[in-house]
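Chemist: Predicted structure and sequence below. I'll ask about it afterward.
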Amino acid sequence: MTSWVAADARVLVTGGAGFIGGCVVRRLLSEFGARVFNLDKLNYASDLSSIGEHANHHVLRVDLADAEATHAAVKQADPDLVMHLAAESHVDRSIDGPEVFLASNVCGTFHLLQAVRAHWEELPEARRDRFRFHHISTDEVFGSLGSEGYFSETTPYDPRSPYSASKAASDHLVSAWHHTYGLPVIMTNCSNNYGPWQYPEKLIPVVILKALSGEQIPLYGDGQNVRDWLYVEDHVDALILAALHAEPGSNYCIGGNNELTNKQVVEAICNLLDQRLSQHTSHACMITKVEDRMGHDRRYAIDATLIRNELGWAPRHTFEHGLAKTVDWYINNLDWCKRVAALSGFQGQRLGLGPDKR
Ligand code: NAD
């Protein structure tokens, strides 16, 4: 892919020590030779080992909740492109403690927008014309679907968890900075991602790790909640296409067209583990229904026609292929899982039962 980023561009990635941000940073470094400024507060879900040492990678340990530090970091990065992924991202944690979600996702986005607007307004004309602010968001802002229909770019917002409400608020701020101040923004809303390096509290790594350690595999509620799964590298393909080629003011929905119930996902993981590890009984025997998530959205599904037609994006992985790669990665990287879990204190305990049940 040729683009202006290949030259001497400076890219500010926020949240680049997280699961998706790390993948974005690796791709920018390996494919474009860009100078990447990785602004991250380095929270419990962060890990820089997926990126490793690289002369063009500069880590800025900053909390977006701190307006002054955010301004200073944007000044230091002096970016041509901002890809904003930093956010508190786990719905269950937002149920237990919503405050940090508002501080990071809402106030943090506000501080970043203010700092970036000041930077953009002072850029020389040529750099100002090509500057872009890409806000990375979720399909969860659209609420919950019935058994039919899809989310698209025109779906009204209807967030229903503290996490999705904080992301919806950040989306509205980004749109407002475009319409009011003319900031050249691009926004993308993606479905559930999975793949290597995902912090072990999310559904797919939880199931793999519980199964590998012979523990009960939790399935929330009746297991019939539906998600549209996308392999993380396919999401990052779409993000890079959008960041480089989308028109300012555009937004795109991204999804894998892989609708599966949680029960189907958990069973698919068990089947893959059965094929790889010999044991007397199937791993599926360990699946155990547990109390449902509070306010659990029933179904998400994305119509990604617009990004396919306008930017030529298509996922490269089927769910079967992506899931097999993911399962193999976790089997081969148990030391990493143990290390990040030990650092953060997360030992596979149930999250999201609410502040009273912690
Ligand atoms: P993650 O939790 O793995 O990583 C988020 C990173 O952001 C962490 O390194 C964290 O330290 C950093 N961060 C959080 N608050 C910050 C703050 N106040 N200041 C600076 N850094 C901060 O999350 P992820 O799964 O990689 O998601 C990245 C983005 O993509 C998020 O904005 C999320 O809403 C969005 N998204 C995620 C998914 C998914 O399935 N994971 C799907 C669609 C969209």
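Modeler: Perfect, I can see it now.

Chemist: tell me which parts of the stretch 151-300 of the chain are close to the ligand?
Modeler: By CB under 6 Å from any ligand atom, the part of the stretch 151-300 of the chain that sits against the ligand consists of 167, 190, 192-193, 199. Every C-beta, even on glycine, is put in place using the N, C-alpha and C of the backbone.

Chemist: possible to save those as a markdown table with pLDDT, neighbour count and secondary structure?
Modeler: Listed next are these as a markdown table, based on pLDDT from 0 to 100; neighbours: other CB atoms under 10 Å; DSSP: H, G, I helix; E, B strand; the rest coil:
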| residue | pLDDT | neighbour count | secondary structure |
| --- | --- | --- | --- |
| 167 | 98 | 29 | helix |
| 190 | 98 | 26 | strand |
| 192 | 96 | 22 | coil |
| 193 | 98 | 24 | strand |
| 199 | 95 | 20 | coil |
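
Chemist: so who does residue 256 touch?
Modeler: 191, 228-231, 234, 302, 315, 319 (CB atoms under 8 Å, 6 or more residues apart in numbering).

Chemist: before we move on, what about residue 326?
Modeler: Residue 326 touches 194-196, 204, 208, 231, counting by CB under 8 Å, 6+ apart.

Chemist: could you redo the last one with a cut-off of 6 Å?
Modeler: If a contact means CB atoms under 6 Å, 6 or more residues apart in numbering, then residue 326 has 194-195 as its contacts.

Chemist: How about the stretch 1-150 of the chain: which residue is closest to the ligand?
Modeler: residue 18 (1.9 Å; CB to the nearest ligand atom).

Chemist: Need the pLDDT of that residue.
Modeler: pLDDT, residue 18: 97.

Chemist: What about it, how many residues nearby?
Modeler: 26 (other CB atoms under 10 Å).

Chemist: Roughly how far does it sit from residue 212?
Modeler: 23 Å (CB to CB, to the nearest Å).

Chemist: mind listing the strands for the stretch 151-300 of the chain?
Modeler: When assigned using DSSP state E, counting those that start in this stretch, the strands of the stretch 151-300 of the chain occupy the ranges 185-190, 193-194, 217-220, 226-228, 230-231, 251-254, 259-261, 287-290.

Chemist: Buried residues in the last one, which are they?
Modeler: Under the neighbour-count criterion of 16 or more other CB atoms under 10 Å, strand 287-290 has residue 287 buried.

Chemist: After that strand, which helix or strand is next?
Modeler: helix 305-311 (DSSP states H and E).

Chemist: Is the next helix or strand after that next one in proximity to the ligand?
Modeler: Next helix or strand after helix 305-311 toward the C-terminus (DSSP H and E): helix 319-332. No: using CB under 6 Å from any ligand atom, helix 319-332 stays clear of the ligand, coming no nearer than 12.7 Å.

Chemist: Skipping its backbone neighbours, what lies nearest residue 272 in space?
Modeler: residue 327 (4.6 Å; CB to CB, 6 or more residues apart in numbering).

Chemist: Next, count neighbours for the one you found.
Modeler: For residue 327, using other CB under 10 Å, the count is 24.

Chemist: Please look at it and residue 271 and confirm they touch.
Modeler: No: between residue 327 and residue 271 there is no contact under CB atoms under 6 Å: 9.7 Å.

Chemist: Would you convert the residues of the stretch 151-300 of the chain next to the ligand into CSV that also reports distance to residue 70?
Modeler: Formatted as CSV, these follow (distance: CB to CB, whole Å):
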residue, distance to residue 70
167, 18
190, 24
192, 28
193, 25
199, 23
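
Chemist: can you give me the helices in the chain?
Modeler: All helices of the chain, identified by DSSP state H, fall at 19-27, 67-77, 91-96, 99-101, 108-121, 125-130, 162-181, 203-212, 232-245, 262-276, 305-311, 319-332, 334-344.

Chemist: Which one of the ones you listed lies nearest to residue 40?
Modeler: Relative to residue 40, the nearest member of the helices of the chain by CB to CB is helix 19-27, separated by 7.3 Å.

Chemist: tell me the angle the closest one makes with helix 232-245.
Modeler: Helix 19-27 and helix 232-245 are oriented at 60 degrees to each other (axes from the mean of the first three to the mean of the last three CA atoms, to 10 degrees).

Chemist: Return the per-residue confidence for residue 319.
Modeler: 97.
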